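Peer 1: structure for the following, please:
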Amino acid sequence: MATLVTGVAGFIGSAVAQALARPGEPVIGIDCLVPYYRLDLKEARLARLERPGFFLARTDFADMAALDEAVAAAEGRLGPVTRIVHLGAQPGVRWSIEHPHDYARSNLVGHLNLLELARRLQVPMVYASSSSVYGGNDKLPFAVEDRVDRPISLYAATKKADELLSESYAHLYRIPLTGLRFFTVYGPWGRPDMAVWQFTESCLQGRMVRIFNQGRMRRDFTYVDDIVAGVLACLQRPPEDDGLEKPGGSLSPHSIYNIGNNRSEALMHLVELVEQACGRPLLREYAPMQPGDVKDTFADISAIAQDHGFAPRTRLDEGIPRFVDWFRSWARP
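Peer 2: Next up is the predicted model:
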């Protein structure tokens, strides 16, 4: 019996696969290594996963025939897929403004393909949504019951569409599905397009970094280990088909949760922590708000805490030094 993890060369996907593999569970990884950011980082994440019981398929899950072929080959090696963690996607709010078709293919067609696979295999699936679905919501903290029908970026629109597609499949085919709205995930092996990486790299190299909205923003920064713990908890307990209302409002076996640190931190506090960990000042250039960006995020995690005992353990002032220590090691020639 194996767990299928999409986006396994990605930040969260590789961390989840690593955690699953520790007790010796067979893991089937799917990733086509899109060069949205540096491929050497993705290859290094994959190298950490190489072991007996791990099968990698360098396959585009937006291609249904290729996905079916890859899963069949993997099952022949590791046994049947019994659950799916679908974390693969085209990320990035700003990239979506100039490259909309990348998001339609990966986030819409790809998500539909994974739902079809889950339907055919009759297995539960945990999938990645995003805090971006809340758009410009000015009610804080964001709760899963809040309206999310006014996305301000195409990326957010595709993630909301994924939730709607999942609701349809849960209703029609009674497949247990869990959507997780991630809030600004950071930590070792993170993404180069995210603020924590960019601030750290710029600080250590003495380069100027642009800070948008003159730094007047807040984010619910969530350490990757806490995210992994939440994903695994949801994977262990899929929603029941009991006719009761689930978080997110579904009467089908489909739950939606926020998964964050439950703290909204000022962006300039992040800057201060990066400077302290790096031991030098960050050169800053202030700029207006970017299109598609939001001013504040703050996760209400009461639903996932109640249903799965989720409790984030890592404060930002603990997580940033850990990231900087890792980055110094990673960036060293």
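
Peer 1: per-residue pLDDT of Arg94, please?
Peer 2: Looking at Arg94, its pLDDT stands at 79.

Peer 1: and what of Arg332?
Peer 2: 67.

Peer 1: where does the stretch 201-333 of the chain have low pLDDT?
Peer 2: 332-333 (pLDDT under 70).

Peer 1: for it, what spans make up the helices?
Peer 2: With DSSP state H, counting those that start in this stretch applied, the stretch 201-333 of the chain shows helices at 224-236, 267-278, 302-308, 316-331, listed in chain order.

Peer 1: what's the second one packed up against?
Peer 2: What that stands for is helix 267-278. helix 195-205, strand 218-219, helix 316-331 (3 or more C-beta pairs under 8 Å, 6 or more residues apart in numbering; DSSP states H and E). Yep, even glycine has a C-beta here, placed from its N, CA and C like the rest.

Peer 1: list the contacts of that helix.
Peer 2: By C-beta atoms under 8 Å, 6 or more residues apart in numbering, the residues outside helix 267-278 that reach it are 195-196, 199-200, 203-204, 211, 215-219, 221, 281-282, 284, 316-317, 320-321, 323-325.

Peer 1: quick check: which of the helices and strands packed on helix 267-278 is buried the most?
Peer 2: strand 218-219 (a mean of 22; mean count of other C-beta atoms under 10 Å).

Peer 1: what's the spacing between it and its chain's center?
Peer 2: Between the centre of strand 218-219 and the centre of its host chain there is 17 Å, according to C-alpha atoms, centre = their mean, to the nearest Å.

Peer 1: cool, stretch 129-146 as well?
Peer 2: With C-alpha atoms, centre = their mean, you get 16 Å for stretch 129-146.

Peer 1: list the contacts for Glu75?
Peer 2: Counted by C-beta under 8 Å, 6+ apart, Glu75 has contacts Ala2, Ile28, Val81.

Peer 1: doesn't it belong to a strand?
Peer 2: No - counting by DSSP: H, G, I helix; E, B strand; the rest coil, Glu75 is not part of a strand but helix.

Peer 1: where's it relative to Leu121, distance?
Peer 2: Distance of Glu75 to Leu121, given as C-beta to C-beta, to the nearest Å: 9 Å.

Peer 1: could you check the pLDDT of the residue nearest to Pro291 when sequence neighbours are not counted?
Peer 2: Distances taken as C-beta to C-beta, 6 or more residues apart in numbering put Ile97 closest to Pro291, at 6.0 Å, once the chain neighbours are dropped. With respect to pLDDT, Ile97 scores 84.

Peer 1: wait, doesn't Ile97 sit right on Ala156?
Peer 2: No - counting by C-beta atoms under 8 Å, Ile97 stays clear of Ala156, with 11.5 Å between them.

Peer 1: settle it for me: which of these two has more neighbours?
Peer 2: The neighbour comparison of Ile97 against Ala156 (other C-beta atoms under 10 Å) goes to Ala156, with 24 against 14.

Peer 1: sounds good, over and out.
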